[in-house]
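Enquirer: This is a predicted model, with the sequence first.
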Amino acid sequence: MKPREFFESLEARADLSKVEGIDHAYLFDIDGEGQWLVEVRDGKVRVAEGSGSEPADVTISLSADTFEALASRRQSPVVAYMKGKLKVKGDTAAAMKLQKLF
């Protein structure tokens, strides 16, 4: 799934039972594709294109190819991080909680 398709459908696809206790904003910076701000607050998932007006708790930077591999579960986020294909800036503990969403 392409990044734009993924983020445009994320609000509808998110399993809200898995976001309990998550209160973070995540900025995905996908090289050559754009940026999306994913806010997980109050048991809801909201997605906006761009970086948003408030700073994100975590910025996740990666290529479109790596993103597509992660979204299709062909690539582990931990392995992508260890290989330098995925960069995390900010609250790494919050980033680890993202695994619940996907």
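Expert: Perfect, thanks for sending it.

Enquirer: Looks to me like Y26 is in a helix.
Expert: No - according to DSSP: H, G, I helix; E, B strand; the rest coil, Y26 belongs to no helix; its state is strand.

Enquirer: just checking, it touches P55?
Expert: No - using CB atoms under 8 Å, Y26 makes no contact with P55, being 11.4 Å away. Where you see a C-beta, it was placed from the backbone N, CA and C, and this is true even at glycine.

Enquirer: So for those two, which residue has more residues nearby?
Expert: Taking other CB atoms under 10 Å, Y26 and P55 do not tie; Y26 has more neighbours (24 against 11).

Enquirer: Name the nearest residue to that one, sequence neighbours excluded.
Expert: V38 (4.6 Å; CB to CB, 6 or more residues apart in numbering).

Enquirer: L70 too?
Expert: P77 is the one closest to L70 (CB to CB, 6+ apart), at 5.8 Å.

Enquirer: now that neighbour: how far from Q99?
Expert: 7 Å (CB to CB, to the nearest Å).

Enquirer: Who has more neighbours out of these two?
Expert: Counted by other CB under 10 Å, P77 and Q99 do not tie: P77 has more neighbours, with 21 against 11.

Enquirer: Just list the residues touching that one, thanks.
Expert: If you count contacts by CB atoms under 8 Å, 6 or more residues apart in numbering, P77 has them with L70, L86, L98, Q99.

Enquirer: For this structure, which segments count as helices?
Expert: Listed in chain order, the helices found in the chain under DSSP state H are 3-13, 64-71, 77-82, 92-97.

Enquirer: re earlier: where strands are concerned, which of the contacts of P77 count?
Expert: Using DSSP state E, the subset of those located in strands is L86.

Enquirer: now for the contacts of P77, which pair is the farthest apart?
Expert: Based on CB to CB, the longest span within the contacts of P77 runs between L86 and Q99 and measures 12.4 Å.

Enquirer: The residue nearest to L70 and S53, how far apart?
Expert: P77 is 27 Å from S53, by CB to CB.
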